[in-house]
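Generate a structure from the sequence data that follows.
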Amino acid sequence: MKKIVISLLALIMVMIIVVTTIFNANKDNTAPDIIYDKDKMSYSANCKDSELLKGVEAIDKIDGDVSDLLEVASRTEISKGELEVVEYVACDKKGNVQNKKVVFSGVQPTGKITLGNY
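From the prediction side, this is the model:
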């Protein structure tokens with residue numbers, strides 16, 4: 001009788017582990033990727049955040065394009081009109097958040113920029 005009870009408890013524990021594993025395997029816990037195309041981006045010292053979003057996308061493995069949830073989180077001017085760090089933030093429909101900082105530098109009158117990850 002004791003062996004039967006132990007066997008049943010072991011079977012129940014295995015079933016709980018299997019169900020929990022299956023449930024968590026389908027869970028979205030990956031943040032979207034923030035990608036940018038420097039040829040489509042523009043920058044000037046006093047530009048609006050909406051200008052900084054041009055050429056930047058947020059792509060999630062589950063939700064696809066979530067660029068509509070992409071925002072400029074912060075702007076830190078390092079050198080007046082010459083160097084600025086812009087932090088982008090994006091989240092997917094499950095609330096997974098990704099941040100990316102981009103350095104805008106070497107602004108020329110033609111609007112050309114040099115980008116680097118911060």
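
just so I have it, where are all the helices in the chain?
Using DSSP state H, the helices found in the chain span residues 2-25, 49-52.

Quick check: which ranges of the protein have low pLDDT?
Residues of the chain meeting the criterion pLDDT under 70: 24-26, 81, 106-118.

Recalculate using a threshold of 50.
108-113, 117-118 (pLDDT under 50).

returning to what we had before: from the helices of the chain, which stretch is densest packed?
For those, the largest average neighbour count (mean count of other C-beta atoms under 10 Å) is found in helix 49-52, namely a mean of 14. In this view, the C-beta of every residue, glycine as well, is placed from N, C-alpha and C.

my guess is Ile34 contacts Cys91, does it?
No: distance between Ile34 and Cys91: 10.7 Å, which falls outside the contact criterion (C-beta atoms under 8 Å).

Find residues that contact each of those two.
Common neighbours of Ile34 and Cys91 (criterion: C-beta atoms under 8 Å, 6 or more residues apart in numbering): Gln98.

ok, Asp37 - contacts?
Contacts of Asp37 by C-beta under 8 Å, 6+ apart are 55-56.

go on, Ala73?
With C-beta under 8 Å, 6+ apart, Ala73 has these contacts: 87-89, 99.

now with 10 Å?
With contact taken as C-beta atoms under 10 Å, 6 or more residues apart in numbering, Ala73 is in contact with 49, 86-90, 97, 99-101.
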